[in-house]
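Student: sharing a model prediction with you, sequence too.
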Amino acid sequence: MGTRLTKKATATFESIKKIDENGIEYWSSRDLWKVLEYTEHRHFLPVIEKAKVACTNSGQEIHNHFEDILEMVAIGSGAEREMDAVKLTRYACYLTVQNADPSKTIVAQAQTYFAIQTRIAEVQQMEEYNRLSTEEEKRLFLREEMAKHNSQLADAAKDAGVIEPYDYAIFQNYGYQGLYGGLGAKEIHARKGLKKSQKILDHMGSTELAANLFRATQTEEKLRRENIKGKMKANKTHYDVGKKVRQTIKELGGTMPEDLPVAESIKSVEAKQRKMLKGKENI
């Protein structure tokens, strides 16, 4: 996702977006193959098949994201004919462009566009998160999510061959280095002025936690989706995903994670929350 997303490319992908009868957005394979500069629709179908495999490997149901439909297609002289097409969700498009020809500039643009759009949608769809009003509530929610997904990431890394605790620490460091512009756990500690005993995640604000949560979930997904094996490949995957998340933050005009302020210990926030709940119970 290193390619910078242009306004023209964004406008192109937005212009072919459709809304179905349930108000849900989707893209048609009949539009996407042309934009991605494939010569014919049938040459684009194998890419969609690869994306379906990736979808299954990510633990998602294919039918939730890829639907075979019939679509009226212009065949010239104002005439139309019903033709086979595939109705693709945003996530399906994300997987499809990840499997498309990377030598095409427009494909690199599409990878950036759908990665950013998928990220925005994930945040928007976290209804529980959106109901939270204070920074403290958001931090507690995201820290809990982080703990859950770090556990799932550890399982995925283990399946890839990262088994020993020492190797897992190295694996985690690669993710940090990708997201924090080359800074590992030790350097982040120093940059943030944290003590050795203090955990980095416990002193992150909601914005920084959200970026790290995205890094963890996307790495887990990629390890499983591409069935990655071997410590070196797993480390590289974690680094690359971290770097892509950093690029997304940059594209959206956000602050780099190493420049975000250090937050109060999450343990103190939890203690305050418990005290507050106890106070309400005694009323």
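Tutor: Now that the structure is in, tell me what you want to look at.
Student: dump the helix or strand containing Tyr166 to CSV, restricted to CA.
Tutor: According to DSSP states H and E, Tyr166 maps onto helix 165-179. Output of helix 165-179 as CSV, limited to C-alpha atoms (Å, rounded to 0.1, in the frame of the first residue of the first chain):
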residue,chain,number,x,y,z
PRO,A,165,8.4,-17.0,23.7
TYR,A,166,11.7,-15.4,22.6
ASP,A,167,10.7,-15.8,18.9
TYR,A,168,7.3,-14.3,19.7
ALA,A,169,8.9,-11.3,21.3
ILE,A,170,10.9,-10.8,18.1
PHE,A,171,7.8,-11.3,16.0
GLN,A,172,5.9,-8.6,18.0
ASN,A,173,8.9,-6.2,17.7
TYR,A,174,8.6,-6.5,13.9
GLY,A,175,5.0,-5.3,14.0
TYR,A,176,6.0,-2.3,16.2
GLN,A,177,8.9,-1.4,13.8
GLY,A,178,6.5,-1.4,10.8
LEU,A,179,3.9,0.8,12.6
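Student: what about it, average pLDDT?
Tutor: Mean pLDDT, helix 165-179: 96.
Student: just stretch 256-272 next, same as before
Tutor: pLDDT averaged over stretch 256-272 gives 92.
Student: what's the answer for stretch 85-101, then?
Tutor: 92.
Student: may I see the buried residues of it?
Tutor: Buried residues in stretch 85-101, counted by 16 or more other Cβ atoms under 10 Å: 85-100. The C-beta positions use only the backbone N, C-alpha and C, and glycine is treated the same way.
Student: which ones among those map onto helices?
Tutor: Arg90, Tyr91, Ala92, Cys93, Tyr94, Leu95, Thr96, Val97, Gln98 (DSSP state H).
Student: in TSV: those, plus distance to Glu136.
Tutor: Output for these, formatted as TSV (distance: Cβ to Cβ, whole Å):
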residue	distance to Glu136
Arg90	31
Tyr91	31
Ala92	37
Cys93	36
Tyr94	32
Leu95	36
Thr96	40
Val97	38
Gln98	36
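Student: nearest to Lys278 among those residues?
Tutor: Nearest to Lys278 among those is Tyr91, at 41.9 Å by Cβ to Cβ.
Student: not counting its neighbours along the chain, what's nearest the closest one?
Tutor: Leaving aside its sequence neighbours, Tyr91 sits nearest to His65 (Cβ to Cβ, 6 or more residues apart in numbering; 5.4 Å).
Student: can you pull the contacts of that neighbour?
Tutor: Cys55, Leu88, Thr89, Tyr91, Ala92, Leu95 (Cβ atoms under 8 Å, 6 or more residues apart in numbering).
Student: the third one and Ser197, how far apart?
Tutor: Right, Thr89. 44 Å (Cβ to Cβ, to the nearest Å).
Student: before we move on, back to that, quick check: the gap between the residue nearest to Tyr91 and Lys87.
Tutor: 9 Å.
Student: which one of the buried residues of stretch 85-101 is nearest Glu187?
Tutor: Nearest to Glu187 among the buried residues of stretch 85-101, with distances taken as Cβ to Cβ, is Gln98, at 30.3 Å.
Student: number of nearby residues for Lys192?
Tutor: Lys192 has 18 neighbours, counted by other Cβ atoms under 10 Å.
Student: let me know the pLDDT of it.
Tutor: At Lys192, pLDDT is 94.
Student: one more: Thr3?
Tutor: 55.
Student: okay, and the helix or strand of this protein with the least pLDDT?
Tutor: helix 127-130 (a mean of 67; mean pLDDT, DSSP states H and E).
Student: doesn't Gly175 make contact with Thr219?
Tutor: Yes: under the criterion of Cβ atoms under 8 Å, Thr219 makes contact with Gly175 at 6.3 Å.
Student: what do these two both touch?
Tutor: Common neighbours of Thr219 and Gly175 (Cβ under 8 Å, 6+ apart) are His238, Val241, Gly242.
Student: wait, a strand at Ile69?
Tutor: Yes: checked against DSSP: H, G, I helix; E, B strand; the rest coil, Ile69 lies within a strand.
Student: ok, the nearest residue to it once chain neighbours are set aside - contacts?
Tutor: Take Ile69 and drop its neighbours on the chain: the residue closest to it by Cβ to Cβ, 6+ apart is Lys87, 4.8 Å away. Contacts for Lys87 (Cβ under 8 Å, 6+ apart) come out as Asp20, Tyr26, Ser28, Ser29, Phe66, Glu67, Asp68, Ile69.
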